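> Just the structure for this:
(one chain, ligands or ions: 1)
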Amino acid sequence: MKTINQPTVNFLDVGAGPVVLLVHGFPLNHLMWRYQIKSLSMNHRVICPDLPGFGASPGSGQSLTLRQCVEGLIGLLDRLEIETVSFCGLSMGGYIGWQFWKQYPDRLTNLIACNTRAGADNETMARARRVSAGAARENGIGNLANEMIVKMFAPANLSNLAEAVELVREMISSTDPESVAQGQLAMAERPDATQWLAEIRVPTLFIAGQFDNITSTAEMQSNCELVPGAQICEIPQAGHLTPLENPQIFNEVVLAFLRSQRHDLISG
Ligand code: MLT
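From the prediction side, this is the model:
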């Protein structure tokens, strides 16, 4: 296992085989995939980047767009001479996934959209993000970790999964307030990807969480119905952070999906 620090991106690169790119949510970093690395890397090369300004990756300057995040990921894959990936993104990572597919459809073999949605923010949501960005710039991270943790985890997991909760607390608390601000503004500006869903031509898996109050299973189901041939799986006993809250089932579902696609390739 190695972690490489480069001027533009920090990432983890583990294992060998078909590449799985794991793209984290907001305001987290690659450590949120802690419970996936060992399991997925047995048969895959797993690449987990920190998006610009998150984890140990430097920020992108004065502002950030999700499109820039896509370009950064493509730059990383080019440097590593990786042509195609299975893209797996959670929440903000999923918003980036739609744009990755739109801009670089030939670089994807599969898409795994976890706890995410294709729709853009409505005006109320976008305004709330601008307020949150202003608050981060003015007051710093403050109580953000506590505020977000109760929304992200299923209620029972707040006490049952102390290690995962602590990990998320550390990730949020250590994020630069400017990156929080830029992430919120980037998400507020993101385009509506719903119209792209019917054009997606790679095998796609949606992963929802039984108790996800940020992205409901119903909303993900209606996105799933628009993608030709897509499947959806709801992870039990999990909220918004399915890979951290029920890693065993999450990993089984992802590996079964990836295996089924390889089988199609071999037999087809
Ligand atoms: C995330 O987990 O990335 C966030 O919930 C995304 C968002 O704020 O829409």
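> can you list the residues of this protein near the ligand?
The chain comes close to the ligand at residues 25-26, 91-92, 187, 214, 240, as judged by Cβ under 6 Å from any ligand atom. Backbone N, C-alpha and C define where each C-beta goes, glycine included.
> Over in the stretch 151-268 of the chain, which residue gets nearest the ligand? Let me know.
For the stretch 151-268 of the chain and the ligand, the shortest gap (Cβ to the nearest ligand atom) falls at residue 214, measuring 4.9 Å.
> Quick check on residue 109: phi, psi?
Per-residue torsions, residue 109: phi -100, psi -30 (degrees, to the nearest 10).
> tell me the contacts of residue 120?
Each residue near residue 120 by Cβ atoms under 8 Å, 6 or more residues apart in numbering is listed here: 190-193.
> Among those, name the buried ones.
Among those, those classed as buried by 16 or more other Cβ atoms under 10 Å are 190, 193.
> Show me the contacts of residue 120 that map onto strands.
Of the contacts of residue 120, none are assigned to strands by DSSP state E.
> Format the contacts of residue 120 as CSV; extra columns: pLDDT.
Listed next are the contacts of residue 120 as CSV, based on pLDDT from 0 to 100:
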residue, pLDDT
190, 98
191, 97
192, 98
193, 98
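> surely residue 172 meets residue 145?
Yes. Using Cβ atoms under 8 Å, residue 172 is in contact with residue 145, at 4.0 Å.
> So for the two, which sits in the more crowded spot?
With neighbours defined as other Cβ atoms under 10 Å, residue 172 and residue 145 compare such that residue 172 has more, 21 against 18.
> before we move on, what SS does the more buried one have?
Three-state assignment for residue 172 (DSSP: H, G, I helix; E, B strand; the rest coil): helix.
> For it, give me its contacts.
27-28, 141, 144-145, 148-149.
> Also residue 96?
When contacts are counted by Cβ under 8 Å, 6+ apart, residue 96 touches 23, 51, 66, 69-70, 73, 89.
> Let me know the closest of these to the ligand.
residue 89 (9.0 Å).
> That closest one should be in a strand, yeah?
Yes. Checked against three-state DSSP, residue 89 lies within a strand.
> Beta-bridge partners for it, please?
Counting by DSSP bridges, residue 89 is bridged to residue 23, residue 113.
> Now do the contacts for it.
Residue 89 neighbours (Cβ under 8 Å, 6+ apart): 22-24, 95-97, 100, 112-114, 116.
> what ranges do the strands span in this structure?
2-5, 10-14, 19-23, 45-49, 85-90, 108-114, 204-209, 231-235.
> Can you tell me which of those is nearest to residue 158?
Closest to residue 158 of these is strand 204-209 (Cβ to Cβ; 14.0 Å).
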